[in-house]
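Undergrad: Give me coordinates for this.
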Amino acid sequence: MSVETSQLGKETEYPTQYAPEVLFPIARQQARQAYAAIAGIQQGTDWWHVFEISWLDLQGKPQVAIGRLHIPASSPNLIESKSLKLYFNSFNFEKLSRQQFIETVERDLTQAAGASVQLELRSVDDLAITVPEGICLDEFEPSTIEYHPNAQLLKYDSGHDDVIEQSYYSHLLRSNCPVTNQPDWGTVFIRYRGKKPCEKALLAYIISYRQHNGFHEQCVEHIFADIWTLLKPQQLMVYAAYTRRGGLDINPCRVSDLSWMPTPIRLARQ
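TA: Reported below is the predicted structural model:
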């Protein structure tokens, strides 16, 4: 399905009855064509936090929860975010047990994504804030300033030839929705084992996404592919924690080795 035919950027009526038909899958294949053969592009998970979940129990009493979705990176489709918001709001007047709600959502999203999707339901008071660990790249001055992705910005630290293992993060990731052009803000985490990268250059590369149009998942895969291709690490993880829009935040993660899969987190800015 073409994203141009989705509900993004359009006035929309919110359904008042269960409406799985509003879910809008988007094929990952086209965006992955340039780096489909790179190890790790299809390894990982897209974690979504869903803050606007409500349905009725079997007696008609409203229920609320925070949801965490686990959508595998190997799924043929991602799910467009506005359609997911509409879908969850379609449960607002449906009478279901908690388990029925979970099973219904997992069934519908699995069908849309083309792979098994899991839903965790949590109390609205039960999602802890994580403090980032590692080297904060924002403390460096970038080697240059560009606002469109440029893989050639990436380079090694000329003063170090040893293999290192290090975790980096930056709060300066910004990209744009490819349909509405609205800004998307995120914190990107990079776990890296290989020849030491130049941290100033790595920060410049992250900043270069500032005017890039791409879905969250596509941006993470683009970053992963460029670092993997240009710096040739032995192992790599790229994980972006994007801020919330429309009651949803999206947190894609890609890894070259499944042993590097992190635990999903939530940051204060989300």
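
Undergrad: CA atoms for contacts and neighbours, from now on please.
TA: Noted.

Undergrad: Need the residue in the protein that's farthest from the chain's center.
TA: For the chain, the residue at maximal distance from the C-alpha centroid (CA atoms, centre = their mean) is Q59, at 36.1 Å.

Undergrad: give me every residue that touches it.
TA: For Q59, the contact set (CA atoms under 8 Å, 6 or more residues apart in numbering) comprises K95.

Undergrad: Name the SS class of it, please.
TA: When classified by DSSP: H, G, I helix; E, B strand; the rest coil, Q59 comes out as coil.

Undergrad: For it, report the pLDDT, please.
TA: Looking at Q59, its pLDDT reads 98.

Undergrad: which of the residues in the worst-scoring helix or strand of the chain on mean pLDDT are buried?
TA: Taking mean pLDDT, DSSP states H and E as the measure, the chain has helix 29-32 as its least confident helix or strand, at a mean of 92. By 16 or more other CA atoms under 10 Å, the buried positions in helix 29-32 come out as 31-32.

Undergrad: What lies in contact with that helix?
TA: With contacts defined as CA under 8 Å, 6+ apart, helix 29-32 is touched by 76, 218.

Undergrad: what's the following helix or strand after it?
TA: Downstream of helix 29-32, the next assigned helix or strand under DSSP states H and E is strand 44-56.

Undergrad: What lies in contact with the next helix or strand after that next one?
TA: Remark: after strand 44-56, the chain's next helix or strand is strand 62-72, criterion DSSP H and E. With contacts defined as CA under 8 Å, 6+ apart, strand 62-72 is touched by 43-57, 92, 113, 115-124.

Undergrad: Buried subset of those, written for ChimeraX?
TA: In ChimeraX, this line selects whichever of the contacts of strand 62-72 come out buried by 16+ other CA under 10 Å:
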select :43,44,45,46,47,48,49,50,51,52,53,54,55,56,57,92,113,115,116,117,118,119,121
